[in-house]
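Novice: fold the stuff below for me.
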Amino acid sequence: MAVPREVAERAARLAREIERHNHLYYVLDAPEITDAQWDELFAELAALEAAWPGLATPDSPTQRVGAKPAEGFAEVSHRVPMLSLANAFSDEDVAAFDRRCREGLGKEAVEYSCELKFDGLAVTLAYEDGVLAKGATRGDGETGEDVTANLRTIRAIPLRLRAEPPPRLLEVRGEVLMLRRDFEAFNARARAAGEKTLVNPRNGAAGGLRQLDPRLTAKRRLSFFAYGIGAHEGWAVPPTHAALLDALAALGFPVARERRTATGEAGLLAFYADIGARRDALPCDIDGVVYKVNARAEQEALGFVSRAPRWAVAHKFPAEEAVTELLDIGVQVGRTGAITPVARLAPVFVGGTTVSSATLHNEDEIRRKEVWRRDRVVVRRAGDVIPEVARVAQAGPREEGDRFAMPAACPECGSAIARLEGEAIARCTGGLICPAQRKAALLHFASRRAMDIEGLGDRLVDQLVDAGLVRTPADLYRLDHAALAGLERMADKSAANVLAAIGRSREATLPRFVFALGIRHVGEVTAKDLARHFGTLDALMAADAARLQEAPDVGPVVAESVARFFAEPHNRAVIADLRAAGVRWAEGEPARGAPEGPFAGKIVVLTGTLPTMTRDEAKALVEAAGGRVAGSVSKKTHFVVAGSEAGSKLERARELGIEVLDEARLRAMLEERETP
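Specialist: From the prediction side, this is the model:
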């Protein structure tokens, strides 16, 4: 039945009015009506949409909490990476940042945009034709989690942009957080109901955003502040960052009022001092301020280094500290086998939470700080940073038993603990059998560039390990349909698909298998070099460190890591189990001489999207022609192959004068190899 025009018009007016009041309350902090009046408007719109289902649109205020609980969060690949910021901790660090910017731009003074560094969770919001289409967490910067349904519950986030005409695409980056008033109100309600309270606002925001049920997220009353953009189409980007923040505010986003432009080191430090003095009076927690070169053209000229922009820095506030007794020193095993000494403390409140353990980083740090059991120590914590023992406040009895010694064997699996030359971290060598490393080892083994077992992701690995079904990679090949189908949210078809993927992975290649073992310092390229040099796995396993260094680009550190891995009986036993389970690969004769081809001995970097081939296809062709594909551009790079939307890597290549190839030139060079 068609919706009567007067009903549709009334619903549209209600929706606009509700969103206007949301903006006034959550963005401008200038409400015009009471909560009860807002509830009346919302109830009327909800009743109209219930009576006329065709009225409900994706950007209706009633759809902010309308999604069913999710089974899990899907992955989202960011169109433009969400980079991290370098940190400054002192006036000298800020002076060095300003000097680098001035020298990089060839200017005597640089103008910066200064803003708050929120203590929350970074997210990106994708608007298509002005309507919120998808929201995701930062994740590792390249890939995040789809939390669109949860972000819709945040009333500070507009469901539709205030722009006519709206941009075709606009990704807005910002921070999700809990205001202090909402944190205190949530805890007051929790205490009254006898429920668990939140530790601090940041944990409240991070935990709230990752709830599988959006209704639980809504109860946290999370907030959002915008501070930048990602991909965009059909939108004129303002020429300065300060103007960009103003433009985001005009589109309907909350933007921190505490922002200004400043020139030079003195201006930056003045902003830092001003915000530091007002920090406790702010409505939300911050852990520093951020400085960004204001002119976008100058940002582009400065470019990026590694995974951080050269044109921005986070100036952190000093960490909070407290003194307590160090009761004991133990060790914990990380997901990658790192052995970290951990201080067991008499509980102390610091940095917004009660701390009973803190990292001691490594054995060298313990010796440098002269930390013993039963000392009174200074514990430092800043924001979400893991608490650490900063220094000794008062020495304890210092009896011989109080001195820390790194254990010889892993407390989780009994494998030897080794510390490679030149490394500060000691590590467990039982990578394939250590319980602490089990999930990380399985995920790496099943990853696309290793054994490529489709469907074996984090959630399934968690279930398999927690249920005791899988201890080592070899156990994957013993799984049956009944075991998989019996897991939570694993239907018959899904179980069959995973079993089929495991079956297909039995036919591997030696480079993939070596990479899948997860040997420290052995990436894809090194695995290929080792496989080519030795020809067979048995020859590789039998090689000592000296023999391993005969392989291309294998130095002492890599050689020692490989030798230690294969010397561990537990690892050799798992490899034997994998072979017994039917995992196999083609083997051949050891390589003779250097690789041949137009890219022989050359380092190539791929960036952007090529017209007719995928990145993996281009990589395979370059390697088949004797080249090596690297992930970053350096002075050692010989060629950069660039496609559309090439970013900082292309800029870096031009800075260094490295030859840039397009796909046509790449194909021409490859064809030269085939010409008799």
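
Novice: number of nearby residues for the closest residue to residue 295 other than its chain neighbours?
Specialist: Using Cβ to Cβ, 6 or more residues apart in numbering and skipping residues adjacent in sequence, the residue nearest residue 295 is residue 240, 5.6 Å away. Backbone N, C-alpha and C define where each C-beta goes, glycine included. Neighbours of residue 240 under the rule other Cβ atoms under 10 Å: 20.

Novice: and residue 240, its phi and psi?
Specialist: Main-chain torsions, residue 240, degrees, to the nearest 10: phi -130, psi 160.

Novice: residue contacts, it?
Specialist: Residue 240 makes contacts with 113, 294-296, as judged by Cβ atoms under 8 Å, 6 or more residues apart in numbering.

Novice: same thing with residue 262?
Specialist: Counted by Cβ under 8 Å, 6+ apart, residue 262 has contacts 111-112, 114, 268, 270-271, 291.

Novice: go on, residue 191?
Specialist: So residue 191 contacts residue 197 (Cβ under 8 Å, 6+ apart).

Novice: and residue 116, by the same measure?
Specialist: 225, 256, 258-259, 275, 282, 286, 289-290.

Novice: given whatever helix or strand it lives in, what are its sheet partners and their directions?
Specialist: If you go by DSSP states H and E, residue 116 is part of strand 111-118. Applying DSSP bridges to the sheet, strand 111-118 is found paired with strand 260-263 (antiparallel), strand 286-293 (antiparallel).

Novice: go through the ones you listed and name the closest to residue 57.
Specialist: Smallest distance to residue 57 across these (Cβ to Cβ): 36.2 Å, for strand 286-293.

Novice: what sits up against whichever helix or strand comes after that closest one?
Specialist: Note on strand 286-293: by DSSP H and E, the next helix or strand toward the C-terminus is helix 296-302. The contact list for helix 296-302, computed with Cβ under 8 Å, 6+ apart, reads 101, 104-105, 110, 237-241, 244, 292-293, 309-312, 651.

Novice: circling back: make JSON lines out of the contacts of residue 116 and add neighbour count and pLDDT.
Specialist: Compiled in JSON lines, these are given as follows (neighbours: other Cβ atoms under 10 Å; pLDDT from 0 to 100):
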{"residue": "225", "neighbour count": "22", "pLDDT": "96"}
{"residue": "256", "neighbour count": "20", "pLDDT": "92"}
{"residue": "258", "neighbour count": "15", "pLDDT": "94"}
{"residue": "259", "neighbour count": "19", "pLDDT": "95"}
{"residue": "275", "neighbour count": "22", "pLDDT": "95"}
{"residue": "282", "neighbour count": "16", "pLDDT": "92"}
{"residue": "286", "neighbour count": "23", "pLDDT": "90"}
{"residue": "289", "neighbour count": "25", "pLDDT": "96"}
{"residue": "290", "neighbour count": "21", "pLDDT": "97"}
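
Novice: not counting sequence-adjacent ones, nearest residue to residue 97?
Specialist: residue 313 (4.7 Å).

Novice: now whichever strand or helix holds that neighbour against strand 111-118, angle please.
Specialist: Using DSSP H and E, residue 313 falls within strand 312-316. Strand 312-316 runs at 50 degrees relative to strand 111-118, counting by axes from the mean of the first three to the mean of the last three Cα atoms, to 10 degrees.

Novice: which stretches of this structure have low pLDDT?
Specialist: 1, 25-29, 35-36, 63-72, 306, 352, 382-385, 591-597, 672-676 (pLDDT under 70).

Novice: centre-most residue in it?
Specialist: Centrality entry for the chain: nearest residue to the mean C-alpha point is residue 140, 1.9 Å, by Cα atoms, centre = their mean.

Novice: pull up the gap between that one and residue 104, please.
Specialist: Residue 140 sits 27 Å away from residue 104, going by Cβ to Cβ, to the nearest Å.

Novice: for residue 122, same thing?
Specialist: 26 Å.

Novice: between the two, who's got more neighbours?
Specialist: Higher neighbour count among residue 122 and residue 104: residue 122, with 19 against 16, using other Cβ under 10 Å.

Novice: bridging residues for that one?
Specialist: Assigned bridge partners for residue 122, using DSSP bridges, are residue 175.

Novice: quick one: residues contacting it.
Specialist: 82, 137-138, 173-176.

Novice: which one of those residues has the most neighbours?
Specialist: residue 176 (27 neighbours).

Novice: how many residues are close by the residue nearest to that one when sequence neighbours are not counted?
Specialist: Spatially, and ignoring its direct neighbours in sequence, residue 176 is nearest to residue 121 (4.8 Å; Cβ to Cβ, 6+ apart). Neighbours of residue 121 under the rule other Cβ under 10 Å: 22.

Novice: for residue 354, same thing?
Specialist: Counted with other Cβ under 10 Å, the neighbours of residue 354 add up to 10.

Novice: my read: it touches residue 346, true?
Specialist: No - taking Cβ atoms under 8 Å as the contact criterion, residue 354 and residue 346 are not neighbours in contact, 10.8 Å apart.

Novice: would you agree residue 8 falls within a strand?
Specialist: No - going by DSSP: H, G, I helix; E, B strand; the rest coil, the assignment for residue 8 is helix, not a strand.

Novice: thinking again about what came up before, identify the residues contacting the residue nearest to residue 176.
Specialist: 137-138, 175-177, 202, 205-206, 209.

Novice: okay if I get the residues you listed as a markdown table plus secondary structure and distance to residue 640?
Specialist: Shown next, in a markdown table, are the contacts of residue 121 (DSSP: H, G, I helix; E, B strand; the rest coil; distance: Cβ to Cβ, whole Å):
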| residue | secondary structure | distance to residue 640 |
| --- | --- | --- |
| 137 | strand | 31 |
| 138 | coil | 27 |
| 175 | strand | 34 |
| 176 | strand | 36 |
| 177 | strand | 39 |
| 202 | helix | 40 |
| 205 | helix | 40 |
| 206 | helix | 38 |
| 209 | helix | 37 |
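
Novice: let me know the closest of the contacts of residue 262 to residue 476.
Specialist: Nearest member of the contacts of residue 262 to residue 476, counting by Cβ to Cβ, is residue 291, at 48.8 Å.

Novice: distance of residue 282 from residue 260?
Specialist: Distance from residue 282 to residue 260, by Cβ to Cβ: 15 Å.

Novice: residue 523 too?
Specialist: 45 Å.

Novice: one more: residue 211?
Specialist: Separation of residue 211 from residue 260 (Cβ to Cβ): 36 Å.

Novice: between those two, who's got more neighbours?
Specialist: Per other Cβ under 10 Å, whichever of residue 211 and residue 260 has more neighbours is residue 211, with 19 against 14.

Novice: between the two ends of stretch 405-419, how far is it?
Specialist: End-to-end span of stretch 405-419 (Cα to Cα, to the nearest Å): 14 Å.
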